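Q: Generate a structure from the sequence data that follows.
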Amino acid sequence: MNRRSLLKKASLLPLALATPAAITNDNQTAVRTRSVRFAYMGDTHITPDAKPAEGIAKAFRHLQNQTDKPTFILHGGDVIMDALVMDKGAVQKQWDAWQQVVKAECSLPIQYAIGNHDIWGIDAAKSDGQYGKAWAMEMFGLKNRYYSFDRHGWHFVVLDSIQTKPDGKWYRALMDAEQLDWLKKDLQQTKPNTPVLLLSHVPILTVTGLTFVDPPADYPNLQILGGLFHADAGSLIELFYQFPNVKAALSGHTHLVDHSTYNNVQYFCNGAISGNWWKTDTHRQTKAGYALFDLYDDGTVERTYVSY
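A: Residues are numbered from 1 along each chain as shown. As a prediction, the model looks like this:
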């Protein structure tokens with residue numbers, strides 16, 4: 001072998017050795033394992049009438065018959081059509097309808113967030129022990145209106161978005177001081193390498209609120225309607241920034257679908273089983289549906305929205 005050939009082969013040797021190593025490293029960083037698949041459903045707005053009950057039953061069957069089945073359900077709230085301004089008898093009929101359809105059609109465990117329409121808020125009921133959130137908590141089997149749990153290597157936090165106004169009437173969309181203090185401690189006590197997913201009825205951050213407002217003539221004074229997302233979104237975003245393991249925040253409330261990412265937290269608004277409150281199956285271009293979420297061990301999240 002002459003000198004020129006020897007030098008040519010030698011010059012290629014480091015590249016030949018480096019390339020497989022680089023490919024291996026790339027493959028290693030790309031490998032991830034799915035931790036769990038679950039279903040999000042929300043804004044079911046059931047009534048004793050046949051159409052909502054049949055629609056919800058269809059949705060339950062549809063998500064449980066998926067080839068790649070979810071293992072549990074997160075319900076984002078507004079289970080019943082309305083308790084805020086209804087008398088006790090009317091509210092009881094709605095809860096009865098929900099319990100009947102769940103018993104008949106759902107074999108998966110359900111974790112609930114409280115929605116604004118789940119709260120019994122009629123003034124005449126203030127002296128009743130089921131007033132406010134107590135009745136909904138009883139129906140959902142909750143010991144507290146906000147809570148957390150660990151499952152499949154992830155930490156799940158379920159928040160209570162709905163608070164009274166300063167005059168004691170319902171409602172404002174934000175976290176009260178007691179709950180915020182609890183959330184800070186909960187995040188602090190969660191291991192930094194454990195990914196966190198939050199669930200709230202009202203979106204913490206969403207672009208869907210912009211679709212409810214048509215620009216007025218005086219465009220600089222454009223305002224987003226109150227109650228469409230958390231009024232304390234800024235402080236919550238700042239809190240999440242301190243905990244890089246906070247990966248996603250799920251919600252419903254607007255009956256619309258969006259996906260935004262801010263400070264590496266993914267915010268998902270997930271439509272509604274009831275569509276346009278059972279009037280039509282589409283609300284502002286969003287079809288009635290539920291979402292399937294895949295969570296991975298590296299903290300990544302994927303959503304598929306399904307029209308049933």
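Q: who's in contact with the residue nearest to residue 45 when sequence neighbours are not counted?
A: Setting aside the residues directly before and after it, residue 45 is nearest to residue 274 in space (Cβ to Cβ, 6 or more residues apart in numbering), at 4.2 Å. Bear in mind the C-beta positions are built from the backbone N, C-alpha and C, glycine included. Contacts for residue 274 (Cβ atoms under 8 Å, 6 or more residues apart in numbering) come out as 43, 44, 45, 52, 55, 255, 288.
Q: Quick one: the strands in the stretch 1-150 of the chain, in order.
A: 34-41, 73-75, 110-112, 147-151 (DSSP state E, counting those that start in this stretch).
Q: hmm, which helix or strand of this protein has the shakiest average pLDDT?
A: helix 3-30 (a mean of 40; mean pLDDT, DSSP states H and E).
Q: got a markdown table for the contacts of residue 274, with pLDDT too?
A: Formatted as a markdown table, these follow (pLDDT from 0 to 100):
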| residue | pLDDT |
| --- | --- |
| 43 | 98 |
| 44 | 98 |
| 45 | 98 |
| 52 | 98 |
| 55 | 98 |
| 255 | 98 |
| 288 | 98 |
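Q: which among those residues gets closest to residue 278?
A: residue 52 (5.2 Å; Cβ to Cβ).
Q: The residue nearest to residue 45 sits in which helix or strand?
A: Using DSSP states H and E, residue 274 maps to neither a helix nor a strand.
Q: May I have stretch 122-134 as PDB, with CA atoms only?
A: Output of stretch 122-134 as PDB, limited to C-alpha atoms (Å, rounded to 0.1, in the frame of the first residue of the first chain):
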ATOM      1  CA  ILE A 122     -79.500  29.300  44.000                       C
ATOM      2  CA  ASP A 123     -79.700  31.800  46.800                       C
ATOM      3  CA  ALA A 124     -82.700  30.100  48.400                       C
ATOM      4  CA  ALA A 125     -80.600  27.000  49.100                       C
ATOM      5  CA  LYS A 126     -77.800  28.700  51.100                       C
ATOM      6  CA  SER A 127     -79.000  27.100  54.400                       C
ATOM      7  CA  ASP A 128     -79.000  23.600  52.800                       C
ATOM      8  CA  GLY A 129     -76.100  21.300  53.600                       C
ATOM      9  CA  GLN A 130     -75.700  20.500  49.900                       C
ATOM     10  CA  TYR A 131     -75.400  24.200  48.800                       C
ATOM     11  CA  GLY A 132     -72.500  25.200  46.700                       C
ATOM     12  CA  LYS A 133     -69.900  22.500  45.900                       C
ATOM     13  CA  ALA A 134     -71.000  20.000  48.600                       C
END
